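A.B. asks: got a structure for you, letters missing:
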């Protein structure tokens with residue numbers, strides 16, 4: 001089995017990187033904009049249960065403890081993007097996360113994932129603003145965490161890929177994260193979970209042009225990360241528990257949904273299952 005390769009977001013998940021919540025993280029929750037202090041013991045139990053669900057789905061789970069003292073480091077989707085040739089180290093727009101990409105380098109290389117690109121300033125880009133629409137198409141959100149220079153750097157990192165950029169809404173401003181994946185999660189090659197009221201018109205048009213049907217998230221489940229869903233395979237999804245109407249709508253569209261409890265690791269830090277995972281290999 002290959003060690004890496006992930007230019008898509010719905011094929012069977014076979015290898016995934018996660019970062020365990022650490023006791024050193026909790027003291028810095030205010031500095032990183034968390035809603036409340038995490039209970040470390042409960043957070044670790046929630047994370048262990050999440051890892052078990054990933055393993056039961058057929059994935060090898062690589063657990064890191066990089067960048068202690070940074071509670072956002074558990075959201076390992078943001079500092080790195082993996083393609084066919086290896087890993088591109090990004091440069092997070094959130095200043096407190098700038099050390100995460102370098103901290104992951106040794107772990108990625110030990111895991112057999114070569115680092116093929118390192119993003120430098122003034123470019124900034126976070127993984128949450130990137131979505132593989134298909135093997136040759138990468139969507140990028142231009143917002144407060146990913147700038148125009150970062151999007152150009154993504155084109156440099158993946159020269160064989162079409163990178164399509166979309167402006168993100170101001171929403172609550174620079175202090176509260178708004179990623180592309182805040183309102184978009186692929187579920188299969190022809191199905192995506194979307195909160196359309198925030199989605200750019202050009203994005204909705206593109207999905208329709210590519211024959212991708214949408215499952216709409218209701219208004220009252222946006223704030224609880226209803227649109228943030230990790231595909232474990234085609235029409236197989238891992239979702240945060242509590243978004244019952246979104247779950248029912250996915251199931252009506254033929255999606256098998258598994259849920260996890262994330263009161264500490266998700267709700268307090270505003271990071272759903274995609275944020276908590278960095279897929280390394282899909283087949």
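C.D. replies: Ah, there it is. Fair warning: this is a prediction, and the values are worked out from it, not measured in the lab.
A.B. asks: Helices of the stretch 1-150 of the chain, residue ranges please.
C.D. replies: Listed in chain order, the helices of the stretch 1-150 of the chain (DSSP state H, counting those that start in this stretch) span 40-56, 100-110, 148-157.
A.B. asks: For residue 200, the count of nearby residues, please.
C.D. replies: A count of nearby residues for residue 200, using other C-beta atoms under 10 Å, gives 17. To be clear about C-beta, it is placed using only N, CA and C from the backbone, and glycine gets the same treatment.
A.B. asks: what is the nearest residue to it once chain neighbours are set aside paired to in the beta sheet?
C.D. replies: Ranked by C-beta to C-beta, 6 or more residues apart in numbering and with sequence neighbours excluded, the top spatial neighbour of residue 200 is residue 166, at 4.6 Å. Residue 166 forms beta bridges with residue 141, as assigned by DSSP bridges.
A.B. asks: Can you add mean neighbour count, mean pLDDT and distance to residue 222 and give the helices of the stretch 1-150 of the chain back as JSON lines?
C.D. replies: Converted to JSON lines, the helices of the stretch 1-150 of the chain look like this (neighbours: other C-beta atoms under 10 Å; pLDDT from 0 to 100; distance: least, C-beta to C-beta, whole Å):
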{"stretch": "helix 40-56", "mean neighbour count": "17", "mean pLDDT": "98", "distance to residue 222": "22"}
{"stretch": "helix 100-110", "mean neighbour count": "18", "mean pLDDT": "96", "distance to residue 222": "26"}
{"stretch": "helix 148-157", "mean neighbour count": "19", "mean pLDDT": "98", "distance to residue 222": "25"}
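A.B. asks: nearest to residue 231, of these?
C.D. replies: Nearest to residue 231, of all the helices of the stretch 1-150 of the chain, is helix 40-56, at 12.1 Å by C-beta to C-beta.
A.B. asks: which helices and strands does the closest one pack with?
C.D. replies: strand 13-19, strand 60-64, strand 256-260 (3 or more C-beta pairs under 8 Å, 6 or more residues apart in numbering; DSSP states H and E).
A.B. asks: hmm, try it at 10 Å
C.D. replies: strand 13-19, strand 60-64, strand 230-233, strand 236-240, strand 256-260 (3 or more C-beta pairs under 10 Å, 6 or more residues apart in numbering; DSSP states H and E).
A.B. asks: Tell me the spacing between residue 94 and residue 40.
C.D. replies: 22 Å (C-beta to C-beta, to the nearest Å).
A.B. asks: And residue 84, by the same measure?
C.D. replies: Counting by C-beta to C-beta - residue 84 and residue 40 are separated by 37 Å.
A.B. asks: Over to residue 157?
C.D. replies: Relative to residue 40, and taking C-beta to C-beta, residue 157 is found at 35 Å.
A.B. asks: same check, this time on residue 250
C.D. replies: To residue 40, residue 250 is 32 Å away according to C-beta to C-beta.
A.B. asks: ditto for residue 181
C.D. replies: Distance, residue 181 to residue 40, by C-beta to C-beta: 26 Å.
A.B. asks: residues contacting the closest residue to residue 113 other than its chain neighbours?
C.D. replies: Distance criterion C-beta to C-beta, 6+ apart; nearest residue to residue 113, sequence neighbours excluded, is residue 4 at 4.4 Å. Counting by C-beta atoms under 10 Å, 6 or more residues apart in numbering, residue 4 makes contact with 14-15, 82-87, 108, 111-114, 279-282.
A.B. asks: count of residues packed around residue 137?
C.D. replies: With other C-beta under 10 Å as criterion, residue 137 counts 16.
A.B. asks: How about the contacts made by it?
C.D. replies: Residue 137 neighbours (C-beta under 10 Å, 6+ apart): 7, 8, 131, 161, 162, 163, 164, 206, 210.
A.B. asks: repeat that for 6 Å
C.D. replies: Going by C-beta atoms under 6 Å, 6 or more residues apart in numbering, residue 137 touches residue 162.
A.B. asks: ditto for the one 10 residues further on
C.D. replies: Taking C-beta under 6 Å, 6+ apart as the definition of contact, the neighbours of residue 147 are residue 124.
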